[in-house]
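K.L.:
here is my input; please provide its structure:
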Amino acid sequence: MRALVLERIGYLEVQERPDTQAGEGQVLIRVQATGICGSDVHGYTGENGRRHPGQVMGHESSGVVAALGAGAEESGLEVGDPVTFNPVVIPQSDVGEYAGREQMSPDKRVIGVDPTWVSSFAELVAVPVRNVVPLPAGLPIEHGALIEPLAVAVHAVRRAGVTAGQRVLVTGGGPIGQSLVLALRMADAGPVVVTEVDPGRRALVERIGARTVDGSAHDAVEQAQALAGGPFDAAIDAVGIEPTVATALRATRIGATVCLVGMGAPRLTLDAFLVSTAERTLVGSFTYSAADFRDAAAWIGTAGDVASALISVQVPLSEGPAAFERLAGGTGAAGKVIVRLDR
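P.N.:
Numbers count the residues shown, from 1 in each chain. Next up, the predicted model:
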């Protein structure tokens, strides 16, 4: 099989690798589409230290069932079924204890992050049967690669406690910020305003139904509140750096919740009085539960052209190294870049 291999930090190469096989309790997926995640790019550049030379990355994926390993035959899945997979894998012994909070299992492995797991920038990936999620009928296969980032956003919206009709600010209009706009539609929130410095991303966010403000403007908070009709009930920071956290805190009402899902900086300095004196709640969000992932998969089948707008470009596997190079250099697309392994 062909695979996109991180040969060394800053250099990817398409190589021939032995075909992955389905082990006991696993489903072998023939990968058709895999999105390039920001964490993949930061692993490629060495910024996050979470990817390693020799590794096959990839975790935002969709494809079809290629084979069923021993013990997976009773799943109801059949060869040829279109599927995606939840990359957060926990031991069978943790399934009961961590039900509904699988991402908190201390012994979890994450497909695409674990360097020992040949992941989905390869034509074949083996996944535990309980992590395989069928795609909604008729869903374009590339939309299946949007489910994982949407699940991240669904979990963040739920961590922020967003309810129907609430004003919500999103700081950052990149792929996770864009997914947050969809997740907020799922939650029937509104109005939604996104702060983003890049004009191309602002245009994309407006196409999918949110209002935008240039995040670099000196009065970005005031502009955002004016668009929303007042201070925000909740804010979700999809960037995770000091200026965006400050914006989220300043833009929200007394007693609001600010959720930090972006991981742009490992350490932050913040105005503690904006938390304490206004009794705001600052919460973190990381990946998703199995239920969040399933809900994202079900909803995206209803999204239609809105989901299509999130995909800026699709490239064949042979162009994967060049796509990573562009994204690492800051010249990538406004939305998601999908690598097609079926072309």
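
K.L.:
so where does the closest residue to residue 7 other than its chain neighbours fall, helix or strand?
P.N.:
Distance criterion Cβ to Cβ, 6 or more residues apart in numbering; nearest residue to residue 7, sequence neighbours excluded, is residue 13 at 4.7 Å. For the C-beta atoms, the positions are set from N, CA and C on the backbone; glycine is no exception. Residue 13 belongs to strand 11-16 when assigned by DSSP states H and E.

K.L.:
what lies in contact with that strand?
P.N.:
When contacts are defined by Cβ atoms under 8 Å, 6 or more residues apart in numbering, strand 11-16 is touched by residues 1-7, 44, 317-318, 320-321, 324.

K.L.:
look up the closest residue to residue 195, ignoring the ones flanking it.
P.N.:
For residue 195, the spatially nearest residue (Cβ to Cβ, 6+ apart) is residue 215, at 3.7 Å.

K.L.:
just residue 4 next, same as before
P.N.:
Distances taken as Cβ to Cβ, 6+ apart put residue 121 closest to residue 4, at 3.9 Å, once the chain neighbours are dropped.

K.L.:
tell me the confidence at the one you found?
P.N.:
On the pLDDT scale, residue 121 is placed at 98.

K.L.:
same question for residue 129.
P.N.:
97.

K.L.:
and what of residue 305?
P.N.:
85.

K.L.:
any idea how far residue 143 is from it?
P.N.:
Separation of residue 305 from residue 143 (Cβ to Cβ, to the nearest Å): 11 Å.

K.L.:
please identify which of those two sits among more neighbours.
P.N.:
residue 143 (24 against 8; other Cβ atoms under 10 Å).

K.L.:
now that one: how far from residue 336?
P.N.:
Using Cβ to Cβ, residue 143 is found at 10 Å from residue 336.

K.L.:
equivalent analysis for residue 250, please.
P.N.:
Taken as Cβ to Cβ, the span from residue 250 to residue 336 is 30 Å.

K.L.:
more neighbours: those two, which one.
P.N.:
residue 336 (26 against 19).

K.L.:
mind listing what the more buried one touches?
P.N.:
35, 36, 145, 146, 149, 175, 178, 310, 311, 312.

K.L.:
how about the first one, phi and psi?
P.N.:
The phi and psi values for residue 35, taken as degrees, to the nearest 10, are phi -80, psi 150.

K.L.:
how many neighbours does the residue lying closest to it once chain neighbours are set aside have?
P.N.:
Of all residues not flanking residue 35 in the chain, residue 60 sits nearest, at 3.6 Å (Cβ to Cβ, 6+ apart). Look at residue 60: counted by other Cβ under 10 Å, it has 28 neighbours.

K.L.:
so who does residue 60 touch?
P.N.:
With contact taken as Cβ under 8 Å, 6+ apart, residue 60 is in contact with 34, 35, 36, 37, 120, 145, 146, 147, 148, 149.

K.L.:
roughly how far does it sit from residue 270?
P.N.:
To residue 270, residue 60 is 30 Å away according to Cβ to Cβ.

K.L.:
okay, residue 47: pLDDT?
P.N.:
Note for residue 47: predicted pLDDT of 81.

K.L.:
domain-wise, how is the protein divided?
P.N.:
2-148+288-340, 161-284 (automatic domain parsing).

K.L.:
include distance to residue 155 when you put those into JSON lines, please.
P.N.:
As requested, the domains of the chain are arranged in JSON lines below (distance: least, Cβ to Cβ, whole Å):
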{"stretch": "domain 2-148+288-340", "distance to residue 155": "4"}
{"stretch": "domain 161-284", "distance to residue 155": "8"}
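
K.L.:
against residue 173, how distant is the residue nearest to residue 195?
P.N.:
Counting by Cβ to Cβ, the gap from residue 215 to residue 173 is 8 Å.

K.L.:
next: residue 33.
P.N.:
With Cβ to Cβ as the criterion, residue 33 and residue 173 are 23 Å apart.

K.L.:
so which of these two has more stuff around it?
P.N.:
Shown here are residue 33 and residue 173; by other Cβ under 10 Å, residue 173 has more neighbours (31 against 25).

K.L.:
so what's that one up against?
P.N.:
By Cβ under 8 Å, 6+ apart, residue 173 lies in contact with 194, 195, 196, 198, 201, 202, 204, 205, 212, 238.

K.L.:
next, residue 78: phi, psi?
P.N.:
phi -130, psi 150.

K.L.:
burial measure for it, as a count.
P.N.:
10.

K.L.:
grab the nearest non-local neighbour of it.
P.N.:
residue 65 (6.6 Å).

K.L.:
got the contact list for that neighbour?
P.N.:
Contacts for residue 65 (Cβ under 8 Å, 6+ apart) come out as 27, 28, 29, 30, 77, 78, 79, 80, 81, 83, 132.

K.L.:
which of these fall in strands?
P.N.:
Secondary structure from DSSP state E places 27, 28, 29, 30, 83, 132 of the contacts of residue 65 in strands.

K.L.:
would you format those residues as TSV with pLDDT, distance to residue 299 and neighbour count included?
P.N.:
Listed next are the ones in strands among the contacts of residue 65 as TSV, based on pLDDT from 0 to 100; distance: Cβ to Cβ, whole Å; neighbours: other Cβ atoms under 10 Å:
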residue	pLDDT	distance to residue 299	neighbour count
27	98	23	26
28	98	27	21
29	98	21	27
30	98	25	18
83	98	17	23
132	98	18	20
